[in-house]
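Participant: Provide a 3D model corresponding to the input given below.
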Amino acid sequence: MTVFHKYRSHYRDNLGLAIPVVISQLGHTLVQTSDTIIVGHFAGTVSLAAVSLATSIFVVMLIIGIGISYGITPLIAQHNGRNNFAECGRLLSNSLFINVITGVILFVITLFGSVFLLDHLDQTPEVVSQAKPFLVLLGISTIPMLVFNTFKQFTEGLGFTKQAMSISIWGNVFNICLGIILVKGFSMGVRGVGYSTLADRCIMAVVMSAYVFKSKNFKKYLTDFALKNIDRLRCVQLLRIGGPVALQYTFEISAFSAAAILIGTIGYHEQAAHQVAINLASMTYMMASGLSAAAAIKSGNYFGANDHKNLRHSAISSYHIVLVFMCITALIFTVFNHVLPWIYTTDKMVISIAAQLLILAALFQLFDGTQVVGLGILRGMGDVNVPTFITFLAYWVVGLPIGYVLGIKLNLGVQGVWYGLVLGLAVSSILLFFRFQFISKKHQNKAIAIIGQD
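Facilitator: Numbers count the residues shown, from 1 in each chain. Below is the predicted model of the structure:
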């Protein structure tokens, strides 16, 4: 109870800030979740494997775009705090420009890179033929998704978090309904969920932008929103924050995507099972990512105020929250490991393999949650370069190579690949925590020394 009372105010503040962001963040993953469930039940195992293959490639593009779009939020918060409202509009102009260009580039990469790449990954031919059109539709949807995210990050930087949450919820309801109609009613298979996802993201982009431009809450911020205010300096400011964040997330997510491709060389049942297990784990990850965003904001506030005592208390309370949450999800994955896969498919072989993977997913829940919160805390303190190196080391030097050796070379199969992923997450989590302890104590001791001199 002593620990609870020590951190109680920080628990309350962090959760109040995090919950709407968590729900909004979850919207990105729920699109993939609904696609997976609809295809698994109405289109069959080969189609489910196709969704896994396409999603494993597309999610890298998705996370790069989302990471870059994060650049605007802290800058908006800083200028709003200084009552520099006109600059907020200028930043929005530049952010929208960057994100639209990023969306177009990511679509082109998806179209001319990933689609042609599918023929050379030693995947089941039937899976590849269904994955190609789905991947193209997902690639196109990147552009409206990043338009939505531009306005979402803008409003969150000003403290308005509930509107994006509501739009995300209704967007997912629309996506599910349209997906079922197209897949089951019109027998469109994987392409059906591709079209529903594209339509969903277009509508969300229109609604979110209309909300910002029509709401009286933002009138004073949009006075200088114009194409003429797009300039190199502001674009560089946004990319200096968004770029490293994109790299951090990309190193992790791309390792999981590479793991999905490795698993696809084993068989399509294993690939479908991987999609089921990783999709469930992705939902808990995105929730933890929302806690990470809140931790970044709070640690940034305290860091800017030179209040390093409260910074450490707030950061540690974020670790406590994510550990409790991930323990609960780990327990759910363990107890219901044979039940949860039925949400996605009725294929007994896929369910059997996915049930084994969910035990491993339960193990890496704690590492996954603590590493993403660690990234958020360090980002709020302005420490982005070393954490970026840590994520590269953990996933691409440790996790994926060991997964390849265990799963492919030593014939441990899909479980062997997942052993490597668990190890990579553990390395990332531990090193980021040590990094937080080192940085925060260094700044705290420096502040104490300055006070002592005074």
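Participant: any idea of the mean pLDDT in the helix or strand where residue 34 lies?
Facilitator: Element membership of residue 34, judged by DSSP states H and E, is helix 2-42. Mean pLDDT, computed over helix 2-42, is 78.
Participant: name the helices or strands packed onto it?
Facilitator: helix 45-69, helix 125-157, helix 162-180, helix 190-214, helix 268-304, helix 308-335 (3 or more Cβ pairs under 8 Å, 6 or more residues apart in numbering; DSSP states H and E). The C-beta positions use only the backbone N, C-alpha and C, and glycine is treated the same way.
Participant: report the central residue of the protein.
Facilitator: residue 286 (5.3 Å; Cα atoms, centre = their mean).
Participant: show the pLDDT at it.
Facilitator: So, for residue 286, pLDDT stands at 80.
Participant: quick check: it vs residue 26, distance?
Facilitator: 5 Å (Cβ to Cβ, to the nearest Å).
Participant: equivalent analysis for residue 245, please.
Facilitator: In terms of Cβ to Cβ, residue 245 sits 19 Å off from residue 26.
Participant: same question, residue 93
Facilitator: Counting by Cβ to Cβ, the gap from residue 93 to residue 26 is 29 Å.
Participant: when the two are compared, which one has more neighbours?
Facilitator: More crowded of residue 93 and residue 26, by other Cβ atoms under 10 Å: residue 26, with 23 against 19.
Participant: thinking that one is in contact with residue 282, fair?
Facilitator: No. With contacts counted by Cβ atoms under 8 Å, residue 26 stays clear of residue 282, the gap being 9.6 Å.
Participant: overlap in contacts, those two.
Facilitator: Here residue 26 and residue 282 have no joint contacts, going by Cβ atoms under 8 Å, 6 or more residues apart in numbering.
Participant: does the residue nearest to residue 231 when sequence neighbours are not counted sit in a helix or strand, and which one?
Facilitator: Excluding the flanking residues, the one nearest residue 231 by Cβ to Cβ, 6 or more residues apart in numbering is residue 94, at 7.1 Å. Using DSSP H and E, residue 94 sits in helix 85-109.
Participant: helices or strands next to the helix or strand following that helix in the packing?
Facilitator: For helix 85-109, the succeeding helix or strand toward the C-terminus, using DSSP H and E, is helix 115-117. With contacts defined as 3+ Cβ pairs under 8 Å, 6+ apart, helix 115-117 has these neighbours: helix 125-157.
Participant: now the angle between helix 45-69 and the helix it packs on, please.
Facilitator: In terms of direction (axes from the mean of the first three to the mean of the last three Cα atoms, to 10 degrees), helix 125-157 departs from helix 45-69 by 30 degrees.
Participant: what comes up buried for helix 125-157?
Facilitator: 127-128, 130-157 (16 or more other Cβ atoms under 10 Å).
Participant: before we move on, what about stretch 232-242?
Facilitator: So stretch 232-242, judged by 16+ other Cβ under 10 Å, has buried residues 234, 235, 237, 238, 239, 241, 242.
Participant: where is pLDDT lowest across the residues you listed?
Facilitator: Among those, residue 241 carries the lowest pLDDT, at 82.
Participant: what residues are up against it?
Facilitator: 70, 71, 74, 75, 384.
Participant: tabulate the residues you listed in JSON lines, adding columns for pLDDT and neighbour count.
Facilitator: Shown next, in JSON lines, are those (pLDDT from 0 to 100; neighbours: other Cβ atoms under 10 Å):
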{"residue": "70", "pLDDT": "82", "neighbour count": "23"}
{"residue": "71", "pLDDT": "83", "neighbour count": "26"}
{"residue": "74", "pLDDT": "74", "neighbour count": "19"}
{"residue": "75", "pLDDT": "79", "neighbour count": "21"}
{"residue": "384", "pLDDT": "79", "neighbour count": "17"}
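Participant: show me the residues around the residue nearest to residue 357 when sequence neighbours are not counted that make contact.
Facilitator: In space, and not counting its chain neighbours, residue 357 is closest to residue 277: 3.7 Å by Cβ to Cβ, 6+ apart. Shown in contact with residue 277 (Cβ under 8 Å, 6+ apart): 341, 354, 357, 358, 360, 361.
Participant: switch the cut-off to 6 Å
Facilitator: With contact taken as Cβ atoms under 6 Å, 6 or more residues apart in numbering, residue 277 is in contact with 354, 357, 358, 361.
Participant: quick one: it from residue 414, how far?
Facilitator: Taken as Cβ to Cβ, the span from residue 277 to residue 414 is 9 Å.
Participant: just residue 341 next, same as before
Facilitator: Taken as Cβ to Cβ, the span from residue 341 to residue 414 is 14 Å.
Participant: ditto for residue 346
Facilitator: 20 Å.
Participant: which one's more surrounded, those two?
Facilitator: Remark: of residue 346 and residue 414, residue 414 carries more neighbours, 25 against 12, as counted by other Cβ under 10 Å.
Participant: any idea of the mean pLDDT for the helix or strand containing that one?
Facilitator: Secondary structure from DSSP H and E places residue 414 in helix 413-453. Throughout helix 413-453, pLDDT has a mean value of 86.
Participant: which other helices and strands does it contact?
Facilitator: Contacts defined by 3 or more Cβ pairs under 6 Å, 6 or more residues apart in numbering; DSSP states H and E place helix 413-453 against helix 232-264, helix 308-335, helix 348-380, helix 385-392, helix 400-404.
Participant: which of those is buried the deepest?
Facilitator: Among the helices and strands packed on helix 413-453, ranked by average contacts under mean count of other Cβ atoms under 10 Å, first place goes to helix 348-380 (a mean of 23).
Participant: just the angle for it relative to helix 413-453, thanks.
Facilitator: 20 degrees.
Participant: contacts only, for the closest residue to residue 412 other than its chain neighbours.
Facilitator: Excluding its sequence neighbours, the residue lying closest to residue 412 (Cβ to Cβ, 6+ apart) is residue 406, at 4.9 Å. Residue 406 makes contact with 412, 416, 419, 420 under the criterion Cβ under 6 Å, 6+ apart.
Participant: with adjacent residues omitted, what lies nearest to the last one?
Facilitator: For residue 420, the nearest residue in space outside its immediate sequence neighbours is residue 403; the separation is 2.4 Å by Cβ to Cβ, 6+ apart.
Participant: then the third one?
Facilitator: Taking Cβ to Cβ, 6+ apart, and ignoring the residues beside it in sequence, residue 419 has residue 406 as its nearest neighbour in space, at 5.2 Å.
Participant: sec struct for the one you found, please.
Facilitator: Three-state call for residue 406 (DSSP: H, G, I helix; E, B strand; the rest coil): helix.
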